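**Q** Okay, sequence plus prediction incoming.
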Amino acid sequence: MAMLTVHSNPLTEPGHGDAGGMTVYVRQLAKSLAARGTTVDIFTRADTADGSVTELYPGVRVIGIKGGPTGITKEAVPVYLPEFTCNLTEWVRDEEVRYDLVHSHYWLSGRVAAKVAARWELPFVHTFHTLGLVKNQALRPGDSREPDLRLQGEAKVAANASAIVVSTHEERRWLIDLYAVDPERVHLITPGVDHRLFQPADRQGAKKALGLIGRTVLLYVGRLQPLKGADTAIRAFGKLISSGALDPATATLLIVGGASGMNGGSEVEALHRLAADLGLQGCVTFIPAKPQTALPAYYQAADVCIVPSHVESFGLVALEAQACGAVVVASDISGLRSIVEHGSTGLLARPGDADDFAAMIGRVISSRQFARKIATKAAARTSKYSWDSSAGAMHQLYATVPAGSLRFRVERVEAGINLEWSRRNVAR
């Protein structure tokens, strides 16, 4: 199969630039599909020479295709999609490769997939990971809206795809209600977690390995961009310090991740200023993004993992943290509610509400018995999430996706979609 992830190179470690949960998803899904006998070629924008081929796993290749200059953010990618599409089809033709199916990730890849799948007379499956209309609904004052170009592109991909894969029931509802997608084309397949990597360990031993012995450890893992809400974690930590619930001499907040998006650099600066303004310079530690293999040590050392996102389609960080035995305090939003059951497998707080996050974190750190009960139940519940199960469900879907009417659907959609119906659905 041909897998497309145009804007985010799966060779880049999550937490850097535009690489995040989607990168983990693509890597692990491709690896598990290959283990089931499906050869996967992942096409992405070339960071080096056009047509460079790297074996990511046995049966999984990453192929760099030229489509604009290197070093640009995903917001600058759309103008180069025609170049990418042309070079992709030429590479496939020259290499004489034959595919059975196309699976695209994020709307930029979906725009390319619609073209190449129609040309190759193949079905294409799409996973959005995030939706522009939903992100716009979650904006805070001062946040930038997702552009009309993205909304139009998502509308076309939603109409073009042979099948759409979602991670939660809520995401399925968004596609049906906001994007007018036929329910029969939307399929729920939850992501997984690598239990060989993410598993519980002795917390004191993990703290000792990180030089944190004797400290209460709060943890944030993720890209540093406004919608991820790292500022909420810092503010909540500050409130716990000022109220006396935490001692600045023995408590620390670890922020693990790097800048992301057009305003990533300014967001990192803003987070550093916030910590300084709150007098937390000695308690908040910023750590560059870590590879997946290094993350378990941080989760295992954490007394609380804070996931304060304003929008999440699923929330792999929460799942990984739970699998490692950390108690998760997360935003009460759809993608995280599917993982964190309030009071049972974690705690939920109002998005962006530092007081509420501080209260929930305070419940965890004030009672070891409560924290242990939550962590044990959460870790056990993660056993139902595995990448092998996800790949199995995906493989079954691939086998049933129809190819027949794709070309006609693409022609019809390209001729007539506009934003008006999207705006009406949002209003409704």
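**A** Nice, thanks for sending it over.
**Q** Would you map out the domains in the chain?
**A** The record's domain parsing of the chain by automatic domain parsing lists 2-192+389-427, 203-384.
**Q** Quick check: which of those is buried the most?
**A** Sort the domains of the chain by mean neighbour count, taking mean count of other Cβ atoms under 10 Å, and domain 203-384 sits at the top with a mean of 20. C-beta: built from backbone N, CA, C; applies to glycine.
**Q** can you give me phi and psi for H342?
**A** phi -60, psi 130 (degrees, to the nearest 10).
**Q** meant to ask about I255, not that
**A** Backbone phi and psi, for I255 under degrees, to the nearest 10, turn out to be phi -110, psi 110.
**Q** Can you give me every residue that contacts it?
**A** When contacts are counted by Cβ atoms under 8 Å, 6 or more residues apart in numbering, I255 touches Y220, L224, A230, A233, I234, L271, V284, T285, F286, I287.
**Q** Redo those as JSON lines? Include pLDDT.
**A** JSON lines is the format used below for the contacts of I255 (pLDDT from 0 to 100):
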{"residue": "Y220", "pLDDT": "98"}
{"residue": "L224", "pLDDT": "90"}
{"residue": "A230", "pLDDT": "96"}
{"residue": "A233", "pLDDT": "98"}
{"residue": "I234", "pLDDT": "98"}
{"residue": "L271", "pLDDT": "95"}
{"residue": "V284", "pLDDT": "97"}
{"residue": "T285", "pLDDT": "97"}
{"residue": "F286", "pLDDT": "96"}
{"residue": "I287", "pLDDT": "95"}
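**Q** picking up where we left off before, and the domains of the chain, which one averages the lowest pLDDT?
**A** The weakest mean pLDDT among the domains of the chain belongs to domain 2-192+389-427, with a mean of 86.
**Q** circling back to that earlier point, can you tell me which of the contacts of I255 are in strands?
**A** Taking DSSP state E, the ones among the contacts of I255 that sit in strands are Y220, V284, T285, F286, I287.
**Q** Switch the residues you listed over to JSON lines; also include distance to R45.
**A** What follows is the ones in strands among the contacts of I255, written out as JSON lines (distance: Cβ to Cβ, whole Å):
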{"residue": "Y220", "distance to R45": "29"}
{"residue": "V284", "distance to R45": "34"}
{"residue": "T285", "distance to R45": "33"}
{"residue": "F286", "distance to R45": "28"}
{"residue": "I287", "distance to R45": "28"}
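**Q** quick one: which of these is nearest R61?
**A** Closest approach between the ones in strands among the contacts of I255 and R61, by Cβ to Cβ: I287, at 31.7 Å.
**Q** What is the helix or strand encompassing A206 packed up against?
**A** Assigned by DSSP states H and E, A206 belongs to helix 203-209. Packing partners of helix 203-209 (3 or more Cβ pairs under 8 Å, 6 or more residues apart in numbering; DSSP states H and E): helix 295-301.
**Q** First-to-last residue distance for stretch 194-201?
**A** For stretch 194-201, the first-to-last residue distance is 15 Å (Cα to Cα, to the nearest Å).
**Q** mind listing what's buried in it?
**A** D194, F198, Q199, P200 (16 or more other Cβ atoms under 10 Å).
**Q** Please convert those to TSV, extending it with distance to A275, pLDDT and secondary structure.
**A** Below are the buried residues of stretch 194-201 laid out as TSV (distance: Cβ to Cβ, whole Å; pLDDT from 0 to 100; DSSP: H, G, I helix; E, B strand; the rest coil):
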residue	distance to A275	pLDDT	secondary structure
D194	32	95	coil
F198	28	97	coil
Q199	31	96	coil
P200	30	95	coil
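**Q** Distance to A34 added to these, as a markdown table?
**A** A markdown table is the format used below for the buried residues of stretch 194-201 (distance: Cβ to Cβ, whole Å):
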| residue | distance to A34 |
| --- | --- |
| D194 | 15 |
| F198 | 20 |
| Q199 | 23 |
| P200 | 28 |
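**Q** Let me know the closest of those residues to A297.
**A** F198 (10.8 Å).
**Q** right, and that closest one touches L316 too?
**A** No - in this structure F198 lies outside contact range of L316 using Cβ atoms under 8 Å: 9.9 Å.
**Q** what about the strands in this structure?
**A** Secondary structure of the chain (DSSP E): strands located at 2-4, 40-45, 53-57, 60-65, 102-105, 124-127, 163-166, 186-188, 216-221, 251-256, 284-287, 304-307, 327-331, 347-349.
**Q** Select, out of these, the one closest to M394.
**A** M394 sits nearest to strand 163-166 of all those, at 7.1 Å, using Cβ to Cβ.
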